[in-house]
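Colleague: Sequence and predicted structure below; questions after.
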Amino acid sequence: MRVNWKSWSLNKHHHLLVKFAVAILFVGLAFRLFVSRSEGFASDLESPVLEKKQVQEPGLKPRPVPVEIPDNEDQLPIDIITERCDLFTGDWIPNPSGPIYTNKSCPLIEGHQNCMRNGRPDSGYLYWKWNPRDCQLPQFNAERFLDLMRNKAWALIGDSISRNHVQSLLCMLSTVERPVEVYHDEEYKSKRWHFPSYNFTISNIWSPFLVKAAIFEDNDGVSTAEVQLHLDVLDKTWTDVYQSLDYMIISTGKWFLKAAIYHENHTIVGCHICPGKNLTELGFVYAYNKTLHYVMDFIATSKHKGLIFFRTSTPDHFENGEWHNGGICPKTTPAKEGEVEIKDLNKILRNVELEEFEKAAAKAADNEVNLKLLDFTNLLLSRPDGHPGPYRQFQPLAENKTAVVQNDCLHWCLPGPIDFWNDVIMEMVVNG
């Protein structure tokens, strides 16, 4: 029997090739399995949360991964996915650099809020800054703000807290350019300033009720008669210029606690605190609801093309009394969480404000009116140290350290906590 060695050699060669190929295949599969297992172990050891996030339901976008942001970064990289931030929930943290202006660098601070000039001895209240808990809040950039506002018009409309705020904003902007006062009314309560290099104007429009009112009160808040308040007639002081404004901040609040006679449809319908007048006691909540309803409806249906902020009323920190009966605010540091509770009257005002805003917001959106809420309640509630207290007057205790003087625990020292409203507002304007 002859053996075909050539054929056998070829078959053997083919057989060896097949074995070699199969061996390579098995080695490759083993290596892939080993690498896969190794990566799985590394993932489990380093980030068990990320292992769960690798599995997504069909049709859902991957969830954003939390990213550590350095404290000194004002701008976020554009490729980082971030959740929308709640700028109004946060804490006051130490700010060693202090305010960007002083009472000496800014001549626009009115006497009652110029706490340092008036002799307030402590300065610790100046070295805190507002820090939202869920995101970063860039510091107010006066130069960038003015650049954005070229050829624009702003107005802050409301009571003396709006006047307090406009001084803060002007002082911060004056670090870039000093504004020129171009208008004031007869009583110097409404004013307008112009920044020539930017053709930018800021107005403070005095309208404490936002509706038509006859007020009989001096600058110290002493009344000689009840306010005559027309709940269904908006104040033309602000409505006449409304459409000419690009941005505005509208607010009211504490004035509705004053004694008043209420008018609707040119008829007296009742009052608040009017003993002996033989009128129905309707209460301030009735008037506040009515007023804000008309204000919000006017805004929501106005077709205004700018940006409108509605700001809630601010909390006060009077202790052991109120404005006219010995109330004081002696604190010199921010309150700890839970240490200060909002007063019942402030809570009632805020609830009415939030309710009326919520009803108006949907209507405003339908009419393409850009209406936003500024609720600074939490931001200011923990700053009982930020008020003038007795230093609303010049050197009130110079002659007698124990003298009983009127305290202001409603308005805010400048510089002071209210300056950080501008950080929040700028962030909402730029990225809102």
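Modeller: Arrived safely, thanks for sending. The shown structure was predicted, so the numbers you read here are calculated from the model rather than taken from an experiment.
Colleague: Tell me how far residue 183 lies from residue 110.
Modeller: Distance of residue 183 to residue 110, given as Cβ to Cβ, to the nearest Å: 17 Å. Yep, even glycine has a C-beta here, placed from its N, CA and C like the rest.
Colleague: And residue 135, by the same measure?
Modeller: 34 Å.
Colleague: Assess the claim that residue 306 and residue 244 are in contact.
Modeller: No: assessed by Cβ atoms under 8 Å, residue 306 is found out of contact with residue 244, at 9.5 Å.
Colleague: Neighbour count for these two, which is higher?
Modeller: Remark: of residue 306 and residue 244, residue 306 carries more neighbours, 16 against 10, as counted by other Cβ atoms under 10 Å.
Colleague: give me every residue that touches the nearest residue to that one once chain neighbours are set aside.
Modeller: Among residues not flanking residue 306 along the chain, residue 246 sits closest, at 4.4 Å (Cβ to Cβ, 6 or more residues apart in numbering). With contact set as Cβ atoms under 8 Å, 6 or more residues apart in numbering, residue 246 has these partners: 152, 153, 154, 306, 307.
Colleague: What about those, which one has the most neighbours?
Modeller: Busiest of the contacts of residue 246 [other Cβ under 10 Å] is residue 154, holding 21 neighbours.
Colleague: can you pull up the bridge partners for that residue?
Modeller: When bridges are called by DSSP bridges, residue 154 pairs up with residue 202, residue 247.
Colleague: For residue 350, see how far away it is.
Modeller: Distance from residue 154 to residue 350, by Cβ to Cβ: 24 Å.
Colleague: what residues are up against residue 182?
Modeller: Applying Cβ under 8 Å, 6+ apart to residue 182 gives the contacts 192, 193, 194, 201.
Colleague: hmm, try it at 7 Å
Modeller: 192, 193, 194 (Cβ atoms under 7 Å, 6 or more residues apart in numbering).
Colleague: In the beta-sheet assignment, what are the partners of the first one?
Modeller: With beta bridges defined as DSSP bridges, residue 192 has these partners: residue 183, residue 203.
Colleague: Could you report the distance from it to residue 237?
Modeller: For residue 192, the distance to residue 237 (Cβ to Cβ) stands at 13 Å.
Colleague: now the second one
Modeller: Distance from residue 193 to residue 237, counting by Cβ to Cβ: 17 Å.
Colleague: okay, now the closest residue to residue 259 other than its chain neighbours: neighbour count?
Modeller: Nearest non-adjacent residue to residue 259, counting by Cβ to Cβ, 6+ apart: residue 273, 3.9 Å away. Neighbourhood size, residue 273 [other Cβ under 10 Å]: 13.
Colleague: Wait, residue 273 touches residue 256, no?
Modeller: No: in terms of Cβ atoms under 7 Å, residue 273 does not count as a neighbour of residue 256; the distance is 11.2 Å.
Colleague: before we move on, which element is residue 342 in?
Modeller: Counting by DSSP states H and E, no helix or strand carries residue 342.
Colleague: Can you name the residues that contact it?
Modeller: 315, 377, 381.
Colleague: Sort out which of these are buried, if you could.
Modeller: Neighbour-count burial (16 or more other Cβ atoms under 10 Å) applied to the contacts of residue 342 gives 315, 377, 381.
Colleague: Roughly how far does the nearest residue to residue 88 once chain neighbours are set aside sit from residue 421?
Modeller: Take residue 88 and drop its neighbours on the chain: the residue closest to it by Cβ to Cβ, 6+ apart is residue 375, 5.4 Å away. Residue 375 sits 11 Å away from residue 421, going by Cβ to Cβ.
Colleague: Those two: who's more crowded?
Modeller: Neighbour totals were compared for residue 375 and residue 421, and residue 421 leads with 23 against 17 (other Cβ under 10 Å).
Colleague: Specify the local secondary structure of that one.
Modeller: Following DSSP: H, G, I helix; E, B strand; the rest coil, the label given to residue 421 is helix.
Colleague: Quick check: it vs residue 140, distance?
Modeller: Residue 421 is 9 Å from residue 140, by Cβ to Cβ.
Colleague: ok, now residue 274?
Modeller: In terms of Cβ to Cβ, residue 274 sits 44 Å off from residue 140.
Colleague: can you give me the helices in the chain?
Modeller: 5-46, 48-53, 142-148, 160-173, 236-239, 284-300, 344-366, 377-381, 420-431 (DSSP state H).
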